[in-house]
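Asker: sequence first, then the predicted structure, then my questions.
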Amino acid sequence: MGASFELRRPADLPADEVLPDDDPELARLIRDEIAAGGPLTFARFIELALYHPGHGYYADVRPRAGRSGDFLTAAESHPIFGWALARQVAEVAERLGRPDRFVIREHGAGSGALAVAILEGLRLEDPALAASVRYQPVETTERRTEAVATRLEAAGLADRLEPAEGPVVGVVLANELLDALPTHRVVGGPDGTLRELFVGLGPDGALADVVGEPSIPALADRLEDEGIRLAPGQRAEVCLALAAWVAAAAASLERGVLLLVDYGHPATDLYDPVRRRDGTLRAYVRHRVHADPYRHLGRQDLTAHVDLTALERAANTAGLVPLGSTTQAEFLAGLGTGELLAAFESDPATDLQASLEARAALRRMLDPAVSGRFRVVAYGRGIAPVPPLRGFGFRLAG
């Protein structure tokens, strides 16, 4: 779930910059599992490195996103992102007939920054709707869920919070989550066959790539279904977990919208043999990006771009109807972030520093070189696909 930054290997960092060591217990667990059962699929490695309940990257409640963390998301950079999403949420509520109880279920709620911004935005835009909203955070551990609750309580929004249970009439939301799902890594063989990259131990005991036969036929099946054949030596990621995640999210949606924001591409672009010959796997640590997943175990985020073709197929299989697909820049522009910025700056409580910070944050959200090219996609159940939702009805010139 990291945003875009300059690609720099840890060895290229300034000499006085200290990056975190491995979590020693996590490193031991991974090596022990390899020693006991042989090389791991990369998907299993991510399950341990990111989601191990005691030592994974997302098990800790320390800030992961934000200036004090490892990457900066739009939601953490300024609440204007959440205020804009509040406008889209309000439109969904209108399309659903303003139900008495409207649920926002956020997967990967993080620090709760997006939850607070959306709820505050709704309170300003539509107080009556805001009173009907219930916010349900979904996180990897109970401690992280409690951290979201603490954030909402501090903002005076504790009465909006409830457990993520039961069917949703409203919006199921995931912002920069799908790119961190467990993913397999594959490589094109010299004879046109598909090979898989496993995680094993090198001669020195360090974690290393190991090439072998695919662990499951579904890897080749996915690429074949999409008309993809990797070039010899071309590396790529295949996220089989995506379909299961979408199926579960869709099953929870009784009526409303599944709204997803992430860095992704259609399969033909994602697996382009020239521009993406080495795949899209990246590691994020202390606002630096590099391509070595075996450093800083449990201390760095790991991401791979989302296969939008697979996402669309999964949503269709789950019985959802496509409602729109656009860039983050167009989505935010369509929701009137210029108006939101102007209103923020006209508030007497907004000083020059706050104004400059808001402008800088919004510029990053809209800039294609940072996160403006993120994809925003929506699928629905029980909601008309036309006219398009406001966030999907705007197109930038050129």
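Answerer: Noted; the coordinates are in hand.

Asker: regarding residue 255, what is its secondary structure?
Answerer: At residue 255, secondary structure determined by DSSP: H, G, I helix; E, B strand; the rest coil is strand.

Asker: that one contacts residue 381, doesn't it?
Answerer: Yes: the criterion here is C-beta atoms under 8 Å, and residue 255 meets it with residue 381 at 5.9 Å. C-beta coordinates here come from the backbone N, C-alpha and C atoms, glycine included.

Asker: which stretches of the stretch 251-398 of the chain form strands?
Answerer: Assigned by DSSP state E, counting those that start in this stretch, the strands in the stretch 251-398 of the chain fall at 253-262, 264-265, 282-285, 288-290, 301-303, 306-307, 321-327, 375-381.

Asker: do the same with the stretch 1-150 of the chain
Answerer: 40-41, 102-107, 133-138.

Asker: helices and strands around the last one, which ones?
Answerer: Pointing back at strand 133-138 there. strand 102-107, helix 113-125, helix 142-154 (3 or more C-beta pairs under 8 Å, 6 or more residues apart in numbering; DSSP states H and E).

Asker: and if you look at the second one?
Answerer: For strand 102-107, the contact count by 3+ C-beta pairs under 8 Å, 6+ apart identifies helix 113-125, strand 133-138, strand 168-175 as packing neighbours.

Asker: who are the contact partners of residue 326?
Answerer: 334, 375, 376, 391, 392, 394, 395 (C-beta atoms under 8 Å, 6 or more residues apart in numbering).

Asker: ugh, typo on my part, it should be residue 199
Answerer: Residue 199 makes contacts with 30, 34, 39-42, 44-45, 207-210, 294, as judged by C-beta under 8 Å, 6+ apart.

Asker: quickly find the element holding it.
Answerer: Residue 199 belongs to strand 194-201 when assigned by DSSP states H and E.

Asker: now the next helix or strand after that strand and strand 194-201, what's the angle there?
Answerer: For strand 194-201, the succeeding helix or strand toward the C-terminus, using DSSP H and E, is strand 207-212. Relative orientation of strand 207-212 and strand 194-201, computed by axes from the mean of the first three to the mean of the last three C-alpha atoms, to 10 degrees: 150 degrees.

Asker: where does the chain dip in pLDDT?
Answerer: Where the chain drops to pLDDT under 70, the residues are 1-18, 61-71, 287, 396-398.

Asker: list the contacts of stretch 305-318.
Answerer: Residues outside stretch 305-318 that contact it (C-beta under 8 Å, 6+ apart): 178-179, 222, 225-226, 237-239, 242-243, 246-247, 250-251, 258, 260, 262-268, 270, 280, 322, 325, 375, 377, 379.

Asker: contacting residues around residue 265?
Answerer: 305, 306, 307, 308, 375.

Asker: how many neighbours does residue 36 have?
Answerer: Counted with other C-beta atoms under 10 Å, the neighbours of residue 36 add up to 7.

Asker: what's the distance between it and residue 153?
Answerer: As for residue 36, its distance to residue 153 is 44 Å (criterion: C-beta to C-beta, to the nearest Å).

Asker: so which bits of stretch 236-247 are buried?
Answerer: By 16 or more other C-beta atoms under 10 Å, the buried positions in stretch 236-247 come out as 236, 237, 238, 239, 240, 241, 242, 243, 245, 246.

Asker: before we move on, the earlier item: any chance of the helices and strands packed on strand 133-138 in a markdown table with distance to residue 173 as columns?
Answerer: Below are the helices and strands packed on strand 133-138 laid out as a markdown table (distance: least, C-beta to C-beta, whole Å):
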| stretch | distance to residue 173 |
| --- | --- |
| strand 102-107 | 5 |
| helix 113-125 | 8 |
| helix 142-154 | 13 |
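
Asker: ranking those by burial, who's on top?
Answerer: Neighbour counts (mean count of other C-beta atoms under 10 Å) averaged over each of the helices and strands packed on strand 133-138 peak at strand 102-107, with a mean of 24.

Asker: sheet-wise, list the partners of that one with their directions.
Answerer: Pairing partners of strand 102-107, with direction, according to DSSP bridges: strand 133-138 (parallel), strand 168-175 (parallel).

Asker: who's residue 265 bridged to?
Answerer: Counting by DSSP bridges, residue 265 is bridged to residue 307.

Asker: repeat for residue 327
Answerer: According to DSSP bridges, beta-bridge pairing links residue 327 with residue 375.

Asker: from residue 157, how far off is residue 101?
Answerer: Look at residue 101 and residue 157: by C-beta to C-beta, they are 16 Å apart.

Asker: the more surrounded of the two?
Answerer: Higher neighbour count among residue 101 and residue 157: residue 157, with 21 against 9, using other C-beta under 10 Å.
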